[in-house]
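> Next come a sequence and a model predicted from it.
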Amino acid sequence: MGRQRHALSPTPDEADPSQDRRFVTALARGLVLLRCFGPADRWLAHQALARRSGLPQATVSRLTFTLTSLGYLRHRAATGEYALSPAVLSLGFSVLSNFEIGRLARPFMETLAEDTQAAISLGVRHGTSVVYVAHCRSTARLILGLDVGTRLPFAETAMGRAMWCASAPGMRALVAQRLRAEDPARWPEREAGLRRAEADHAARGYVVSASEWEQDIAAIGVGVDLGDGREPLSLTVGGPAARLRGALLHEHFAPALVRTGREIVAAIQAGDWED
């Protein structure tokens, strides 16, 4: 592991973009504020936005006023809370609905969902998170209640770890830099989890997470590398940890997941698509 430490140092081409004179800090801060809203959040108070974004309260006040004026946030004056408006949601879902990779992958994901009676997800990286661009549920009653647009942490999930293992060293270095800067205290634990994922991937061809992001939820993941230089996606099987374990997980679900990942790559490389 010691010989690999150099991979965590970014190359000059991967320097912090915020240091570039073309970088618009105000725009970046506005987007940071919008990303404070998670799947379970309807309304957030000013103090919560400041805490989650790490921005000064005065800056949050200016940003919320601007975003509300432009129609991207709604303001509830009685409580001082804010919510995402349909305007910002439509931006995200219009992109996701036209994401051709998800369209081409869906038939394979549906087959895998029925085969495993679990939840199948395809995701991409966004900053230090992963975002679902396609999601299929089986007909089983006990499945994950997540959907397209769901945002998950990178380092603690099978989806993020699979992306990490499929990424080039330079991209790993950039993600590591951002994870460390985001929460220095948690970085050693996160780094250890990513290193374990590397070992699992080398030995098995897939990665695992068990109750690390959400209690009693487990998942396995594989990277989906299209081979054209872009960042890999990730394909996962997820469900209750009590079910996704042992021989069922490693001897049945995992081979099916790896096979499906290869089928998706072949379908995308053979298809006529744009992302």
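Cool, the structure landed.

> pLDDT below threshold where in the protein?
Judged by pLDDT under 70, the chain has its weakly predicted residues at 1-16, 39, 86, 89-99, 138-147, 149, 211, 213-215, 228-229, 271-275.

> Any buried residues in stretch 161-171, and which?
By neighbour count on 16 or more other Cβ atoms under 10 Å, the buried set for stretch 161-171 is 161-167, 171. Every C-beta, even on glycine, is put in place using the N, C-alpha and C of the backbone.

> what's the answer for stretch 182-193, then?
Quick answer for stretch 182-193 (16+ other Cβ under 10 Å): 190-191, 193.

> gap between that stretch and the chain center?
Distance of stretch 182-193 from the chain centroid (Cα atoms, centre = their mean, to the nearest Å) equals 17 Å.

> The stretch 1-150 of the chain: strands as residue ranges?
Listed in chain order, the strands of the stretch 1-150 of the chain (DSSP state E, counting those that start in this stretch) span 44-45, 73-76, 81-84, 119-126, 129-136.

> Of all those, which one is nearest V258?
Nearest to V258 among the strands of the stretch 1-150 of the chain is strand 119-126; the distance by Cβ to Cβ comes to 13.2 Å.

> Now do the closest one: which elements does it pack against?
helix 100-116, strand 129-136, helix 158-166, strand 233-240 (3 or more Cβ pairs under 8 Å, 6 or more residues apart in numbering; DSSP states H and E).

> how about it: buried residues?
Applying 16+ other Cβ under 10 Å to strand 119-126 flags 119-125 as buried.

> follow-up on the earlier one: tell me which of the strands of the stretch 1-150 of the chain sits nearest to F65.
That would be strand 73-76 among the strands of the stretch 1-150 of the chain, by Cβ to Cβ, at 8.6 Å.

> partners of that closest one, with directions?
Applying DSSP bridges to the sheet, strand 73-76 is found paired with strand 81-84 (antiparallel).

> which of the residues in the strand it pairs with are buried?
Of the residues in strand 81-84, 81-82, 84 count as buried by neighbour count, 16+ other Cβ under 10 Å.

> Bridge partners for R125, pull those for me.
Applying DSSP bridges, one finds that R125 bridges with V130.

> Enumerate every residue touching it.
Residues near R125 by Cβ atoms under 8 Å, 6 or more residues apart in numbering: 131, 154, 160, 163, 175, 231.

> Grab the two from those that are most spread out in space.
Pairwise distances across the contacts of R125 (Cβ to Cβ) peak at 14.4 Å, for the pair V131 and V175.
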